[in-house]
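Colleague: Sharing a model prediction with you, sequence too.
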Amino acid sequence: MASASTVPVQILDIHPRDAPLADQSIRDQVVAGLSQPVGQKWLPTMLLYDERGLRIYDEITTGAPEYYLFPAEEEILKTKADDIVKAMHAGVSNGAPVEEVVVELGAGALRKTSLILSALSRQVPSPSSAHPISYYALDLEKRELERTLMELSNSNVGAEMQGKVSASGLCGTYDDGLKFIAEGGLEGRNVLSKLDTKLAEKYPVTRVGRDPSPSSDSSRSHSDGTEATPPSTPGSHQPLHILFLGSSLGNFTRGEDAEFLKSLPLRPGSGDTLLLGLDHDNDARKIELAYNDPKGITRNFIMNGLTCAGRALGDERLFDESKWEYVGRYNEELRRHEAYYRSTCDQTVVDPETKASFPFVKDELVRVEVSYKFSERDAYTLFTNAGLRPVHRWTDSASQYSLWLLERPKFMFPLLKWPQSTASADRAAVTRSPFSIPAVEEWQHMWAAWDFITRQMIPPSMMFEKPIDLRHICLFYCGHIPTFLSIHLCRLLKEPDTEPIEFKYIFERGIDPIVDDPTQCHPHSEVPQRDEDWPSLPNILQYQSRVRERVMKLYRDIESGKITLTRKIARVLFMTLEHEAFHAETLLYMLLQRAGTGTIPPAGFVPPAWDVFAETWNNHPEPATQTVTLGPEDITLGHDDDEADDDSTDVYGHDFGWDNEHPQRKVHVGKFKIEWRPVTNGQFYDFYTVGGKDMDKIQFPRSWVDIDGEVYVRTLYGPVPMKIARNWPLITSFDNLSTYASVKGGRIPTEPELRLFLDKFECGYEGGANVGFRNWHPVPSTTGGQRDGGKGHNGGVWEWTSTVLEKHDGFVPSKLYPGYSTDFFDNHHQVVIGGSYATIPRLAERRTLRNYYQHNYPYAWVGARIAYDV
């Protein structure tokens, strides 16, 4: 085992020498907080985390079982650390890390961290003189860093780490640490002795070798709220993994937490990750007891902050504890625990240095700490606002606490705002519907997704291939999207076609032939029959760029007032953006058929660690009951969106939709039962293998593939065994699912029935729904759970209804796109609603949206749940 004398611990003081001293900064914060009016006074949270405070907190974690956060997180790490590390390195060849950096924010005593470090060590095949993993513990208290790192070095875990994981300390605040990383302080280095000259002049390195002092096990944040600094993209490609444990993020206010996470220097699409601990919105009594244990340890922890406040002002006895009480309470509306000092009498505290007076009235509260708790909606809203994608999540056995593995992906879609304030062209403030004219940013997100799919997932060899016989070659869609956009812009603005003009004759409209007779098809473009007669991809991309510039010019002309914005203009922009979104999904379900034999998996997103994820998925709790009974009830379908009103300049508050969404109409839904969750791969597989495959109408799902007699489920990463995807919603034709439902004594729900169910129980994108490329594959459904009244998601698929697409009362064909719906009033197409994992939020979140596919079309990403007559 290593000894302190042979393995010195290196501590780097990263608080900039030219910045105010930490003591002065804390003093300024104390003065600022106490200078507020009655009822608004506060003290900085970091006062709680001096050396004595850390020791008391350690006592909480060992002597106050009511404080569940620490043991819940520790349980996850004791049982899942290897899985977590495996998921962090899913994109690494052979899973073995090479020259990577792990930084922990607010490291504390490393008791839980040691479980991660041990797992990281096991991930390294063999020791070497140059440690492939460099761990840095960031904290405010230098002596605590020295002590805990020495203890780690001299522990059994320290012995495991030799030649595999080096451990050093960074002494400073969160801001100091993030700035240091952003400046390249940790690039290309596995020991601090390699600090380059310029940085060495700015940040001194201390090497410590001494006997360890008694242990401490803190994991709370040692820093108060911090202003976000802009993320940096280090020049090195050295992977970075950040650990932020202990639900310390809860000490930030809502909004500040997202800004802080946004500031983390995680490079988009690089494999960098964040492991984040978050406390759930548990029962209020449980939370209050956790922060006010019967032994009074938490009280001692909080009251120590008054001593620290006095010390910051120059006299640690300045606050007479006999005149103060600890008050802790849980604010259920804001989902946060609040810790206060209550003045037990009228009193005045005088600053020894400036002689400034701080008066307090009896029963006045002074806030010292808040600890926010996170519902599902809170967590997913936070991540999306911070530009982070959840890779996976681990929860303790009592479902009180979660560890989330997150990344900053190549692209992602923001949350919709309900409603959203914006400025019109004349600068007047207006309320903007999320389904009004697309913002410029929406186009940018859509183009990022489209370019990713078309340029990074389709190899050149596949451009002239048809992954699906019922659709065109891949290259067609690369040209179709900008051509459709150009045609409608030119018609709208009465301007010449984008060059080359002949593109509109090749790429204007795709095909959707009748499955049973592909010779029967709606009107469409005539396309070249030989590869050499198609336009080249570079020419198509140049054309695409010119068309996109026309879109941006239109927005600039609207902004400048050169063009007056009308609903017709907005409709063309809405229609062409959503058309592109629909076709992105079409292209992907085509590419799925060649995944593993041509299609390139989505690089720039941490790939799934299938066996790790499946363990969580297969232990996912089932609903208490299989079905829920709904109705009778009247519901509203559709919305009023008449193209006859398109001359109107009332644009921003208007919801646009396709012609089959208009007009709004009321429908009565009778009483019925419906299953909480869609039919799964596993359920259909069991049915298929015990006789279903012999039924006339049952076809082998095209989302499956037979490999050497074993059934696999297709994913964009290649086929996975049925045991991995058993609990995902089944993707297959209406005919397959309708027959299955009939065998089970049920049926596919009507559109109004399914709409009623989704209105009541769909959690939406901000609640964690698997839409908007949150994943590149389905996941198990979560509706019917114990929390939030059963709200959840269906796993990431559209859902079939038994409603046939046909003309309804008040239907008027679109003037801009006359054949959008009418070409498919053929009794072959079923209405589907919702959205898949590749459906953008603008589509998936609009409750009036109606998509449609042929009843026997096997490729679209559509599933179904079973309804039953009552």
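Modeller: Arrived safely.
Colleague: which residues sit in contact with Arg367?
Modeller: Taking C-beta atoms under 8 Å, 6 or more residues apart in numbering as the criterion, Arg367 is in contact with 41-43, 338-340. Bear in mind the C-beta positions are built from the backbone N, C-alpha and C, glycine included.
Colleague: From what I see, Asp82 and Ser121 are in contact.
Modeller: No. Using C-beta atoms under 8 Å as the test, Asp82 is too far from Ser121 to be in contact (10.7 Å).
Colleague: what's the spacing between Gln520 and Leu110?
Modeller: Plainly put, Gln520 is 69 Å away from Leu110 if you go by C-beta to C-beta, to the nearest Å.
Colleague: coming back round to it: go through the contacts of Arg367 and name the one nearest Thr782.
Modeller: Minimum distance to Thr782 across those is 30.4 Å, recorded for Glu338 (C-beta to C-beta).
Colleague: What is the neighbour count of that closest one?
Modeller: Other residues within reach of Glu338, judged by other C-beta atoms under 10 Å, total 18.
Colleague: which helices and strands sit right next to the helix or strand hosting it?
Modeller: For Glu338, the host element (DSSP states H and E) is strand 336-343. Under the contact criterion of 3 or more C-beta pairs under 8 Å, 6 or more residues apart in numbering; DSSP states H and E, strand 336-343 touches helix 284-290, helix 297-313, strand 324-331, strand 365-372.
Colleague: List the buried residues for the last one?
Modeller: Spelled out, that is strand 365-372. Using 16 or more other C-beta atoms under 10 Å as the test for burial, strand 365-372 gives 365-372.
Colleague: which ones are touching Gln36?
Modeller: By C-beta under 8 Å, 6+ apart, Gln36 lies in contact with Trp42.
Colleague: Low-confidence ranges, this structure, go.
Modeller: For the chain, applying pLDDT under 70 flags the ranges 1-7, 17-24, 93-97, 188-237, 419-429, 522.
Colleague: The residue nearest the centre of it and Leu47, how far apart?
Modeller: When C-alpha atoms, centre = their mean is applied to the chain, the residue found nearest the centroid is Arg389 (3.4 Å). Using C-beta to C-beta, Arg389 is found at 35 Å from Leu47.
Colleague: So which of the helices and strands packed on strand 336-343 is nearest Thr597?
Modeller: So among the helices and strands packed on strand 336-343, strand 365-372 is nearest, using C-beta to C-beta, at 47.3 Å.
Colleague: how big is the angle separating that closest one from helix 297-313?
Modeller: Computed by axes from the mean of the first three to the mean of the last three C-alpha atoms, to 10 degrees, the angle separating strand 365-372 from helix 297-313 equals 120 degrees.
Colleague: Please list the residues outside the helix or strand just after strand 365-372 that contact it.
Modeller: Next along the chain after strand 365-372, taking DSSP H and E as the criterion, comes helix 376-385. With contact meaning C-beta under 8 Å, 6+ apart, helix 376-385 is reached by 254, 257-258, 261-262, 278, 281, 335, 372, 374, 389-390, 402, 404, 406, 412, 414-415, 763, 765-768, 787-788.
Colleague: can you do 6 Å?
Modeller: Helix 376-385 is contacted from outside by 257-258, 278, 390, 415, 766-768, using C-beta atoms under 6 Å, 6 or more residues apart in numbering.
Colleague: Each with direction, which strands does whichever helix or strand comes after that helix pair with?
Modeller: The element immediately downstream of helix 376-385 (helix or strand, assigned by DSSP H and E) is strand 389-395. Neighbouring strands of strand 389-395 in its sheet, by DSSP bridges, are strand 401-407 (antiparallel).
Colleague: Now do the strand it pairs with: distance to the chain's middle.
Modeller: 10 Å (C-alpha atoms, centre = their mean, to the nearest Å).
Colleague: now do stretch 49-56
Modeller: Centre to centre, stretch against its chain (C-alpha atoms, centre = their mean), the figure for stretch 49-56 is 34 Å.
Colleague: Check stretch 606-614 too.
Modeller: That offset, for stretch 606-614, works out to 16 Å (C-alpha atoms, centre = their mean).
Colleague: Likewise for stretch 562-570?
Modeller: That offset, for stretch 562-570, works out to 34 Å (C-alpha atoms, centre = their mean).
Colleague: Just the endpoints, please. Distance across that stretch?
Modeller: Chord length of stretch 562-570, first to last residue, is 15 Å (C-alpha to C-alpha, to the nearest Å).
Colleague: how about it: buried residues?
Modeller: So stretch 562-570, judged by 16+ other C-beta under 10 Å, has buried residues 563, 565-570.
Colleague: right, and Ala167 touches Ala137 too?
Modeller: No. Here Ala167 does not reach Ala137: they are 7.0 Å apart, not a contact under C-beta atoms under 6 Å.
Colleague: The residue nearest to Gly596 when sequence neighbours are not counted: what secondary structure?
Modeller: Nearest residue to Gly596, sequence neighbours excluded (C-beta to C-beta, 6 or more residues apart in numbering): Gly718, at 3.5 Å. On the three-state scheme (DSSP: H, G, I helix; E, B strand; the rest coil), Gly718 is labelled coil.
Colleague: so Gly718 touches Thr597, yeah?
Modeller: No. With contact defined as C-beta under 6 Å, Gly718 does not reach Thr597; the gap is 8.5 Å.
Colleague: Note down every partner strand of the strand holding Glu338 and its orientation.
Modeller: In the sheet, strand 336-343 lines up with strand 324-331 (antiparallel), strand 365-372 (antiparallel) (DSSP bridges).
Colleague: Next, the angle from the last one to helix 376-385.
Modeller: Meaning strand 365-372. Using the same axes, to 10 degrees: strand 365-372 against helix 376-385 is 80 degrees.
Colleague: Using PDB, list the CA coordinates for strand 365-372.
Modeller: Output of strand 365-372 as PDB, limited to C-alpha atoms (Å, rounded to 0.1, in the frame of the first residue of the first chain):
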ATOM      1  CA  LEU A 365     -36.000  35.000   9.400                       C
ATOM      2  CA  VAL A 366     -32.600  35.100   7.800                       C
ATOM      3  CA  ARG A 367     -32.200  32.500   5.000                       C
ATOM      4  CA  VAL A 368     -28.900  30.600   4.900                       C
ATOM      5  CA  GLU A 369     -29.700  27.700   2.600                       C
ATOM      6  CA  VAL A 370     -32.200  26.400   0.100                       C
ATOM      7  CA  SER A 371     -32.200  22.800  -1.200                       C
ATOM      8  CA  TYR A 372     -34.400  22.400  -4.300                       C
END
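Colleague: about what we covered before: quick one: which of the contacts of helix 376-385 is most hemmed in?
Modeller: Leu278 (26 neighbours).
Colleague: Bridged to the closest residue to that residue other than its chain neighbours, which residues?
Modeller: With C-beta to C-beta, 6+ apart as the measure, Phe374 is the residue that lies nearest to Leu278, at 4.6 Å, once sequence neighbours are left out. Beta-bridge partners of Phe374, counted by DSSP bridges, are His280.
Colleague: Just to be sure, Pro265 is in a strand?
Modeller: No. According to three-state DSSP, Pro265 belongs to no strand; its state is coil.
Colleague: thinking it is in contact with Gly184, fair?
Modeller: No. At 9.9 Å, Pro265 and Gly184 do not qualify as touching, with contact defined as C-beta under 6 Å.
Colleague: Just want to know which of these two has more residues nearby.
Modeller: Pro265 (24 against 17).
Colleague: Top of the contacts of Arg367 by number of neighbours, please.
Modeller: Sorting the contacts of Arg367 by how many neighbours each has (other C-beta under 10 Å) puts Leu43 first, at 27 neighbours.
Colleague: who's in contact with the residue lying closest to that one once chain neighbours are set aside?
Modeller: With sequence-adjacent residues excluded and distances taken as C-beta to C-beta, 6+ apart, Leu43 is closest to Val368, at 4.7 Å. If you count contacts by C-beta under 6 Å, 6+ apart, Val368 has them with 43, 305, 339.
Colleague: Please give the element, helix or strand, for Ala258.
Modeller: Assigned by DSSP H and E, Ala258 belongs to helix 256-263.
Colleague: what are the bridge partners for Glu325, then?
Modeller: Here Glu325, judged by DSSP bridges, has bridge partners Arg342.
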